[in-house]
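1. have a look at this prediction, sequence included:
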Amino acid sequence: MLRRTLVHLSESPTAKAVVTRTPLRLMSRRFVPGETVEDFLRAAGEANALGLAVTGNYLGEAEHDERTARQAVATYLRILEGILGRGIRGNISVKPTQVGLEIGKDFLKDNLRPLLDRARERDVFIRLDMESSAWTQKTLEVFEELWAEGYRNIGPVLQSYLRRTLDDARRMNELGARVRLCKGAYVEPPHLAFQEKREVDRNYLEVAKLLLSQGVYPALATHDERIIDSLKRFARENGIGPEGFEFQMLHGVRRDLQQQLTREGYNVRVYIPFGESWYPYLMRRLAERPANVLFFVGSVVKDSPLGFLWPGNRRR
């Protein structure tokens, strides 16, 4: 119920108007470090200094106007040049509807090619993010069409809450594509998506093990320590070294776990979003991991005149 409510709030202009006038706007910077390319590059450099790779995402989605879709790609080109110019260990994640999928597949591909070409020249990987199930098939079609054109510096995201994902993973393995696996953060109907956490987790593990054993450098996006431990054990038992995959986590979530995995020798990449469209992203992150709600509540209390009541702020 909480998850569904938060997702609905992410789509509510009224809720956004309220939230942007509260301390949550300031505290959202833990998850979204700023609104400019420079803000992203600063956060990326800090992550690199801790041994973490990054992927940058310019927040936005559902563009219907060709001009603004092209402007989004222009921003991604600036991200790319910043990554190259500063020697950032990182790549880029793009929302398909932000760069033209709602306008049409042909427009999207034409719009993306300058970014893909420049990234291919410099060996930078571009991730096609996955959105709601309404766009799953079209996103994978765009990916496969670009793959058929010879682009190998591109890969899709699959979501373990969708019932189709195991079959999609098999198809991506056949192609030799690099896949990011996540759980999914949209409200979906039961005939398309698993509704219970245990089902989503079970499917996540099944798909992740398939990607580890038969895929190409999968990216396993999760903050769930139980799942992470299970996959580490599976990799060891099957002779899959840490160099063959990476864990991915969100900027500002489980920094302790990110650094712990890095110390253990695993590759860890942090998803760093930036931009003015921070509100729907933030609400979906809370929905994806409701434990984050406690973090925000705690932050409000700690930063308020009643902060002395919060356990971590009490004097001993």
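-> Right, received. Where do you want to start?
2. pull up the pairing partners for the strand ranked longest in the chain, direction included.
-> Criterion DSSP state E: the longest strand present in the chain is strand 267-274. In the sheet containing strand 267-274, its partner strands are strand 53-58 (parallel), strand 246-250 (parallel), by DSSP bridges.
3. just say which of those strands is most tucked in.
-> Among the strands paired with strand 267-274, strand 53-58 has the highest mean neighbour count (mean count of other CB atoms under 10 Å), at a mean of 24. Every residue, glycine included, has its C-beta placed from N, CA and C.
4. how far does the longest strand of the chain sit from the chain's center?
-> Using CA atoms, centre = their mean, to the nearest Å, the mean C-alpha position of strand 267-274 is found 7 Å from that of the whole chain.
5. oh, and call the first residue 59 from now on, that's how I've got it
-> Fine by me, first position is 59 from now on; the one you just mentioned is strand 325-332.
6. what is the mean pLDDT for it?
-> Averaged over strand 325-332, pLDDT sits at 97.
7. can I get that strand as CSV, trimmed to CA atoms?
-> Only the C-alpha atoms of strand 325-332 are listed here, as CSV (Å, rounded to 0.1, in the frame of the first residue of the first chain):
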residue,chain,number,x,y,z
ASN,A,325,33.0,-3.6,-9.1
VAL,A,326,30.4,-1.1,-7.9
ARG,A,327,28.7,1.5,-10.0
VAL,A,328,26.6,4.4,-8.5
TYR,A,329,23.6,5.7,-10.4
ILE,A,330,23.8,9.5,-10.1
PRO,A,331,20.8,11.5,-11.4
PHE,A,332,20.7,15.3,-11.7
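8. do you know how far the closest residue to N211 other than its chain neighbours is from R100?
-> In space, N211 comes closest to R178 once its chain neighbours are excluded; the distance is 4.8 Å by CB to CB, 6 or more residues apart in numbering. The gap separating R178 from R100 is 26 Å, by CB to CB, to the nearest Å.
9. with T280 instead?
-> 26 Å.
10. with neighbour numbers in mind, choose between the two.
-> T280 (22 against 16; other CB atoms under 10 Å).
11. nearest spatial neighbour of that one, skipping sequence neighbours?
-> The shortest distance from T280 to any non-neighbouring residue, by CB to CB, 6+ apart, is to I286 (6.4 Å).
12. burial of that neighbour, as a residue count?
-> I286: 20 neighbours (other CB under 10 Å).
13. E232 too?
-> For E232, using other CB under 10 Å, the count is 10.
14. can you pull the pLDDT of M85?
-> We have a pLDDT of 62 for M85.
15. for L268, which non-adjacent residue is spatially closest?
-> Using CB to CB, 6+ apart and skipping residues adjacent in sequence, the residue nearest L268 is A227, 5.4 Å away.
16. which residues touch the one you found?
-> Counting by CB atoms under 8 Å, 6 or more residues apart in numbering, A227 touches L216, V237, L239, V265, L268, L269, G273.
17. and K167, by the same measure?
-> By CB under 8 Å, 6+ apart, the contact set of K167 is V200, E203, L204.
18. how about the strands in the stretch 59-208 of the chain?
-> Remark: strands assigned in the stretch 59-208 of the chain by DSSP state E, counting those that start in this stretch are 111-116, 148-152, 184-186.
19. to I137, which of those lies closest?
-> Nearest of the strands of the stretch 59-208 of the chain to I137, taken as CB to CB: strand 111-116 at 5.0 Å.
20. now that closest one: average pLDDT?
-> Averaging pLDDT along strand 111-116 gives 98.
21. could I have it exported to PDB, CA atoms only?
-> Extracted in PDB, the C-alpha atoms of strand 111-116 (Å, rounded to 0.1, in the frame of the first residue of the first chain):
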ATOM      1  CA  ALA A 111      32.300   3.900 -10.900                       C
ATOM      2  CA  VAL A 112      29.300   6.000 -11.900                       C
ATOM      3  CA  THR A 113      26.500   6.300 -14.400                       C
ATOM      4  CA  GLY A 114      25.000   9.700 -15.000                       C
ATOM      5  CA  ASN A 115      21.300  10.300 -15.700                       C
ATOM      6  CA  TYR A 116      19.800  13.700 -16.700                       C
END
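22. residues contacting the residue nearest to N211?
-> Listed by CB under 8 Å, 6+ apart, the contact partners of R178 are Y209, R210, N211.
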